[in-house]
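# from the sequence below, what's the structure:
(2 chains)
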There are 2 protein chains.
Amino acid sequence: MTETVAALDTYDVRFPTSRQRDGSDAMNPFPDYSAAYVVVRTSAGREGYGLAFTVGRGNDVQVAAIRALAPLVVGRPVHDLVADMGGFSRQLTGDSQLRWLGPDKGAIHMAAAAVLNAVWDLAARSAEKPLWRLLADMSPQQVLDLVDFRYLRDAMTERQALDLLISGQRGRAEREARLLADGYPAYTTTPGWLGYDDDRLVRLSRAAVAEGFSLIKLKVGADPAEDVRRLGIARQALGPDVAIAVDANQIWGVAEAIAWMEQLRPFNPYWIEEPTSPDDILGHAAIRKAVAPIRVATGEHAANAVIFKQLLMADAIDVVQIDACRVAGVNENIAILLLAAHFGVPVCPHAGGVGLCEMVQHLAMFDFLAVSGSTEGRMLEYVDHLHEHFVDPVLLRNGRYQAPLLPGGGARIHPASVAEFSYPDGPQWHVGRHG
Amino acid sequence: MTETVAALDTYDVRFPTSRQRDGSDAMNPFPDYSAAYVVVRTSAGREGYGLAFTVGRGNDVQVAAIRALAPLVVGRPVHDLVADMGGFSRQLTGDSQLRWLGPDKGAIHMAAAAVLNAVWDLAARSAEKPLWRLLADMSPQQVLDLVDFRYLRDAMTERQALDLLISGQRGRAEREARLLADGYPAYTTTPGWLGYDDDRLVRLSRAAVAEGFSLIKLKVGADPAEDVRRLGIARQALGPDVAIAVDANQIWGVAEAIAWMEQLRPFNPYWIEEPTSPDDILGHAAIRKAVAPIRVATGEHAANAVIFKQLLMADAIDVVQIDACRVAGVNENIAILLLAAHFGVPVCPHAGGVGLCEMVQHLAMFDFLAVSGSTEGRMLEYVDHLHEHFVDPVLLRNGRYQAPLLPGGGARIHPASVAEFSYPDGPQWHVGRHG
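Here you go, the predicted model:
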């Protein structure tokens, strides 16, 4: 009997991270890291896992958006979906009524990410491979077929992307051996949350050095004198050899970003992340010109590949920060990896949150094996929150992500954690309600 | 006793327009025009009405997004909201958890529009004025205070906007008299839906001439030969004096748009609307350069003022098409009106759908009275669907919108229509279910 998708189960899972101000920044003072979690169940009893990450309120809206996609998935033969993930991706983002809520942005687009990634997870489990290897084992033409080029050809044609993928085949076996032996470089944001006090900043900065990281990231943008002070503290705790990136989380306008970064310039920040609105391509270009040689980074809130395309065409950024579930999942992220490689700009994925590390590592490793073929200037973000809730949590050694070896895409949450942190009825939310 | 907001009631209202292919275009072949409708009720028994427009599936997600904003509204003194609509607008779009679902885009941003516009409607009813007059009666400084300049100053400073508004005061009384006497110019999209047959196209084109319109709009983008054929039929039916704009509803990439428009050039289209992704500022700029002197228009899916800012800075468009509830309502639309006036680009609002004509006419009339001070090159879209469901439907005479005189912002739907078309339980949806 044909195996079909029997159900798309959704869960509103919220972790009360705001109680300790984990994850706090200039724009998000009190986040409750949350997952709109989805389980795709098949008629053969198999499952695939995906999620959209939010920061608390609104996670119910995100769950509703995922549910709205159910009719595009439930009842369909699993083989049909998995055999044409390019077509399935276009169906998820192209439904002529649902796309009105975007198009290609916001809750409905993140919902497509959650569902598509869950089906990729199922595909990887079927193949008994971690997702990075499933992707890297595809032929250049198969990878190309995953990507929707409709709005991208003015920057990169199918032919150019295919040539990139064909070049990416060279030396692949050697790179895979290196990846398995040494892992993938990482940086850490753990010390740098805005709501942490000085003692915690010092302690966590020292720990980052001890753990082998060569870059840490600090949140900035609430008060310039305070930023200068905290950068001084961090520099002292880190010693001279660890770089510091800073992250403003969209708090500034263009002129403000430029002026503020003049004040932070003496600390030689490795990059300034999200200096302004993620939609402001021309603004990023102006900021980059003014703050050079400080790099400009963005992407965790860039809604889709069209935004990334323009950031690259306009020479607006030095670092591309993909997110596993902001754009429409694996396929659109592959489009962005291809664009970044085409423009010669390194990708340093956004992670942290709930499961973002677990998911996005697969894309960075796929990029290393099959697209850019390089780890130079590339680092995966790491934050040490909430990994204990994942069935296959990330593993870091000497400041590097170790390649995951279990089948799947990384998003599976322990059923006990889903129950414990379900909102609003899980025990964690009955104990101490807060706004 | 202080009057507070007692409740925010929401309704999923859907009209089965796809049964006749009303509203069909290259990207939306079978839309069911829908409203995520909101009623703000006060403790004194007064009400304000707003909505977000969608095209069917997903209207429930839009309703959920509106409900997520309830804690920012319910229980608050009405006077506090109305006395500081600038601050209230920033609260609706700036909630640090909810904005993650955007930021400033998609379902959560449209939800802010619905709620903010409902409170504007309440304010206009309190003042016993139509919204256009309430806005036009505000001082330049009061209007300025409605706008969030954080991401806009690189294009337009507060000072420049204030100067524009002060200039806009000159001749206002005379313009108001003209508006009341003659109305505001309109164009019609009624003849041009892609799913209509030739007879209907001819009949409705002739009707448009008879009704006094000087511009009609045709949907294009499904098939070039068919577009050429339909443009020929429309031209013959219209005679030589009525202009034809065309609308591709985002179906093309950049090169495709340019090539396709070469084929339509002999018909001298007045503008090409939505030639490509609404996020593609650089793409629109490239298309505009190539298709000149054909104008380029976009905006109904431009997510926020930052996108419009860049479209204007990059000389990417000739026509700014605001929508009453795609961006965050009245306030963000005023920002866009100011930007358009600052760059000297005319605004021709997007309308049609459900209640969009009823709402956006207030913004066009406010623009004429207090911002651009002109109707030159400016026309309000008109489509003759679904007006019968509104308590204060638009009134056209000689191809011009007559200024509405009843208090409010136009979004109030007849309670009987809300009941009849409620989804999925209203009688209209019980009679004939369809996908």
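# for chain B, what is the nearest residue in chain A?
Ranked by CB to the nearest CB, the top residue of chain A for proximity to chain B is residue A:106, at 1.6 Å. All C-beta spots, glycine's among them, are computed from the backbone N, C-alpha and C.
# wait, does stretch A:24-42 contact chain B?
Yes - for stretch A:24-42 and chain B, the contact criterion (CB under 8 Å from any CB of the partner chain) is met by A:27, A:28, A:29, A:30, A:31, A:32.
# what is the burial count for the residue of chain A closest to chain B?
Neighbourhood size, residue A:106 [other CB atoms under 10 Å in any protein chain shown]: 28.
# residues contacting it?
For residue A:106, the contact set (CB atoms under 8 Å, 6 or more residues apart in numbering or on different chains) comprises A:303, B:101, B:102, B:105, B:106, B:107, B:108, B:109, B:303.
# kindly report the same for residue A:348.
Residue A:348 is in contact with A:187, A:297, A:319, A:320, A:321, A:377, A:378, A:379, A:380, A:381, counting by CB under 8 Å, 6+ apart.
# per-residue confidence at it?
pLDDT, residue A:348: 98.
# mind checking how far it is from residue A:203?
In this view, residue A:348 and residue A:203 are 25 Å apart by CB to CB, to the nearest Å.
# same deal with residue A:416?
30 Å.
# do the same with residue A:157
51 Å.
# hang on, the earlier thing: confidence score at the residue of chain A closest to chain B?
Here the pLDDT value assigned to residue A:106 is 98.
# leaving out sequence neighbours, find the closest residue to it.
Among residues not flanking residue A:106 along the chain, residue B:106 sits closest, at 1.6 Å (CB to CB, 6 or more residues apart in numbering or on different chains).
# now the one you found: how far from residue B:100?
Relative to residue B:100, residue B:106 is positioned 11 Å away (CB to CB).
# which among the contacts of residue A:348 end up buried?
Neighbour counting with 16 or more other CB atoms under 10 Å in any protein chain shown marks A:187, A:297, A:319, A:320, A:321, A:378, A:379, A:380, A:381 as buried within the contacts of residue A:348.
# please name the bridge partners of the last one.
Going by DSSP bridges, residue A:381 is paired in beta bridges with residue A:187.
# which residues in the stretch 251-400 of chain A form strands?
A:271-273, A:295-298, A:319-320, A:380-382, A:396-397, A:400-401 (DSSP state E, counting those that start in this stretch).
# so the first one, near chain B or not?
Meaning strand A:271-273. No - Strand A:271-273 lies out of reach of chain B by CB under 8 Å from any CB, never closer than 15.0 Å.
# list the helices and strands that strand packs on?
strand A:243-247, helix A:254-264, strand A:295-298 (3 or more CB pairs under 8 Å, 6 or more residues apart in numbering or on different chains; DSSP states H and E).
# 6 Å - rerun?
Applying 3 or more CB pairs under 6 Å, 6 or more residues apart in numbering or on different chains; DSSP states H and E, one finds that strand A:271-273 contacts strand A:243-247, strand A:295-298.
# re the thing from before, just the contacts of residue A:106: which are in helices?
Within the contacts of residue A:106, membership in helices is found for B:106, B:107, B:108, B:109, as judged by DSSP state H.
# relative to residue B:311, how far out is the nearest residue to residue A:315 once chain neighbours are set aside?
Leaving aside its sequence neighbours, residue A:315 sits nearest to residue A:285 (CB to CB, 6+ apart; 6.2 Å). Residue A:285 sits 15 Å away from residue B:311, going by CB to CB.
# looking at those two, which one has more neighbours?
The residue with more neighbours, out of residue A:285 and residue B:311, is residue B:311; 28 against 19, by other CB under 10 Å.
# hmm, residue B:319 and that one touching each other?
No - counting by CB atoms under 6 Å, residue B:319 is not a contact partner of residue B:311; they are 10.3 Å apart.
# now the helices and strands packed on strand A:271-273 in JSON lines, with distance to residue B:167 and mean pLDDT?
Output for the helices and strands packed on strand A:271-273, formatted as JSON lines (distance: least, CB to CB, whole Å; pLDDT from 0 to 100):
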{"stretch": "strand A:243-247", "distance to residue B:167": "41", "mean pLDDT": "98"}
{"stretch": "strand A:295-298", "distance to residue B:167": "37", "mean pLDDT": "98"}
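# now residue A:100: closest residue in space, sequence neighbours ignored.
residue B:55 (4.6 Å).
# for that neighbour, what are its contacts?
Shown in contact with residue B:55 (CB atoms under 6 Å, 6 or more residues apart in numbering or on different chains): A:97, A:100, B:28, B:31.
# tell me the contacts of the residue nearest to the spatial centre of chain A?
What sits nearest the mean C-alpha location of chain A, by CA atoms, centre = their mean, is residue A:323, with 2.3 Å. By CB under 6 Å, 6+ apart, the residues touching residue A:323 are A:300, A:350.
# check residue A:194 too.
A:24, A:25, A:219, A:222.
# tell me which helix or strand it sits in.
Using DSSP states H and E, residue A:194 sits within no helix or strand.
# what's across from the spatially closest residue to it that is not a sequence neighbour in the sheet?
Leaving aside its sequence neighbours, residue A:194 sits nearest to residue A:219 (CB to CB, 6+ apart; 4.2 Å). Beta-bridge pairing of residue A:219 under DSSP bridges involves residue A:247.
# report the buried residues of the host helix or strand of residue A:88.
Take DSSP H and E as the rule and residue A:88 turns out to sit in helix A:85-94. For helix A:85-94, the neighbour count (16+ other CB under 10 Å) marks A:85, A:86, A:88, A:89, A:91, A:92, A:93, A:94 as buried.
# could you do stretch A:307-322 as well?
Buried, per 16+ other CB under 10 Å, within stretch A:307-322: A:307-314, A:316-322.
# farthest pair within those?
A:314 and A:322 (18.0 Å; CB to CB).
# show me chain A divided up by domain.
Per automatic domain parsing, the structural domains of chain A span A:5-151+A:417-431, A:165-410.
# want to throw these into JSON lines with distance to residue B:410?
What follows is these, written out as JSON lines (distance: least, CB to CB, whole Å):
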{"stretch": "domain A:5-151+A:417-431", "distance to residue B:410": "21"}
{"stretch": "domain A:165-410", "distance to residue B:410": "29"}
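# up against chain B, what does the stretch 1-150 of chain A have?
By CB under 6 Å from any CB of the partner chain, the residues of the stretch 1-150 of chain A that approach chain B are A:28-29, A:54-58, A:61, A:64-65, A:68, A:96-98, A:100-102, A:105-107, A:150.
# now the buried members of those residues.
Buried members of the residues of the stretch 1-150 of chain A next to chain B, scored by 16+ other CB under 10 Å, are A:28, A:54-58, A:61, A:64-65, A:68, A:96-98, A:100-102, A:105-107, A:150.
# filter those residues down to the ones in helices?
Assigned to helices by DSSP H, the following of these qualify: A:61, A:64, A:65, A:68, A:106, A:107.
# neighbours of residue A:416, just the number please.
What residue A:416 shows, counting by other CB under 10 Å, is a neighbour count of 9.
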